[in-house]
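**Student:** Coordinates for the following, if possible.
(4 chains)
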2 protein chains.
Amino acid sequence: MAQKQGYLSKNQKIVLDYIEKANQPLKAYSILFNVQKKGLKAPPQVYRALDRLVEIGKVHKIESKNAFVACKNSNCTISNATAFSICDGCEKVTEISNPKLSKYLSGFQDNSGMKYNKYNLEFFGLCKKCR
Amino acid sequence: MAQKQGYLSKNQKIVLDYIEKANQPLKAYSILFNVQKKGLKAPPQVYRALDRLVEIGKVHKIESKNAFVACKNSNCTISNATAFSICDGCEKVTEISNPKLSKYLSGFQDNSGMKYNKYNLEFFGLCKKCR
DNA sequence: TATAACAATGTTATAATATAACATATTAAA
DNA sequence: TTTAATATGTTATATTATAACATTGTTATA
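**Tutor:** Numbering: from 1, shown residues only, chains lettered A, B, ... in the order given. I've put the predicted structure just below:
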């Protein structure tokens, strides 16, 4: 059951399916408990699937929450430029897809001479409902 | 030993001193082991100090690494706009202090109507040495 | 100077997040 | 059809972080 580039293994599909149904970030152990009926019994199975899904861009990790969310770009295959808005009230997380922002950040250079190939940005505030 | 706004308590000073001496991000438990000689014996003592230091902006958390680094702005009292560059090779982390970038991001608005009051940005790449 | 209110500390235990290590199985390709 | 690579299953454990509660120190004020 090895996989060609771009194809998902059984466990990866199970985990991705579950994450896609939720439209909020999920914790790894909450995923684990919920996919146990599908046969994934132990943390490494979930974390391995998550690692791969993050790597190929199907899932993003919300670092400030240690939680995982499906990529909203239906055909996303990269994950090197991510931005999220996070409501401190209701905890709603939304992936920001803003060409100007991503262009600005992808082209950003500081004076260290370092060449960036990836970034992650998390905005915090209060959404309309929570204000 | 309560504290007025802006003053640091004993444990906060101990933890901040130690973090400032390192000029790299430190893990909470590594801090703990190293301040045990100063009397901080248990995780909550370190985490409480860290929480407060982060809150007042003296320390920032590098979310992708679960590590803590002293703020480079010597008089920083806020922590609502942070940006870091992280080398995937040597793991060196540098706080980015770029007025244009912070102005751009502080003013950023998306179409959700959400008003942001805080952001954290982490860039990844390879530094000069590691290229 | 009591005393109340609050902030900080100390302490034990445990929760939550994540990985090491190794055995087995599946697949693709040489 | 053997090999190499990938994926899976499994147990144990490492790492990160917080809950809960008792105690102590500080400030303000009655």
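**Student:** Helix or strand for the residue lying farthest from the centre of chain A, just tell me which one.
**Tutor:** What lies farthest from the middle of chain A is residue A:111; by CA atoms, centre = their mean that is 29.7 Å. Assigned by DSSP states H and E, residue A:111 falls within no helix or strand.
**Student:** so how far is residue A:126 from it?
**Tutor:** For residue A:111, the distance to residue A:126 (CB to CB, to the nearest Å) stands at 35 Å. Where C-beta positions appear, they are placed from N, C-alpha and C, glycine not excepted.
**Student:** Please apply the same query to residue A:115.
**Tutor:** In terms of CB to CB, residue A:115 sits 36 Å off from residue A:126.
**Student:** List the neighbouring strands of the longest strand along chain A plus their orientation.
**Tutor:** Criterion DSSP state E: the longest strand present in chain A is strand A:115-126. Sheet pairing of strand A:115-126 (DSSP bridges) gives strand A:81-87 (parallel), strand B:115-126 (antiparallel).
**Student:** got those strands as TSV, with mean neighbour count, mean pLDDT and distance to DNA strand C columns?
**Tutor:** Below are these laid out as TSV (neighbours: other CB atoms under 10 Å in any protein chain shown; pLDDT from 0 to 100; distance: least, CB to the nearest atom of the strand, whole Å):
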stretch	mean neighbour count	mean pLDDT	distance to DNA strand C
strand A:81-87	21	96	15
strand B:115-126	19	96	15
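**Student:** Could you name the stretch from those that's closest to DNA strand D?
**Tutor:** strand B:115-126 (13.6 Å; CB to the nearest atom of the strand).
**Student:** got a list of contacts for that closest one?
**Tutor:** A:63-64, A:85, A:105, A:108, A:114-126, A:131, B:62-64, B:79-89, B:96, B:101, B:105-106, B:108-109 (CB atoms under 8 Å, 6 or more residues apart in numbering or on different chains).
**Student:** repeat that with 7 Å
**Tutor:** Strand B:115-126 has contacts (CB atoms under 7 Å, 6 or more residues apart in numbering or on different chains) with A:64, A:85, A:114-126, B:63-64, B:80-89, B:105, B:108.
**Student:** Equivalent analysis for stretch A:96-108, please.
**Tutor:** A:72-73, A:81, A:83-85, A:116, A:119, A:121, B:101, B:104, B:108, B:110.
**Student:** how about a cut-off of 6 Å?
**Tutor:** A:81, A:83, A:85, A:119, B:110 (CB atoms under 6 Å, 6 or more residues apart in numbering or on different chains).
**Student:** Determine which two of these are furthest apart.
**Tutor:** Farthest pair in the contacts of stretch A:96-108 (CB to CB) is A:119 and B:110. Separation: 16.6 Å.
**Student:** Residue A:96 versus the residue nearest to the spatial centre of chain A, what's the distance?
**Tutor:** For chain A, the residue nearest the mean C-alpha position is residue A:60 (1.1 Å; CA atoms, centre = their mean). Using CB to CB, one gets 11 Å for the distance from residue A:60 to residue A:96.
**Student:** how's chain A carved up into domains?
**Tutor:** A:10-70, A:81-125 (automatic domain parsing).
**Student:** now for those domains, which one comes closest to residue B:41?
**Tutor:** domain A:10-70 (26.4 Å).
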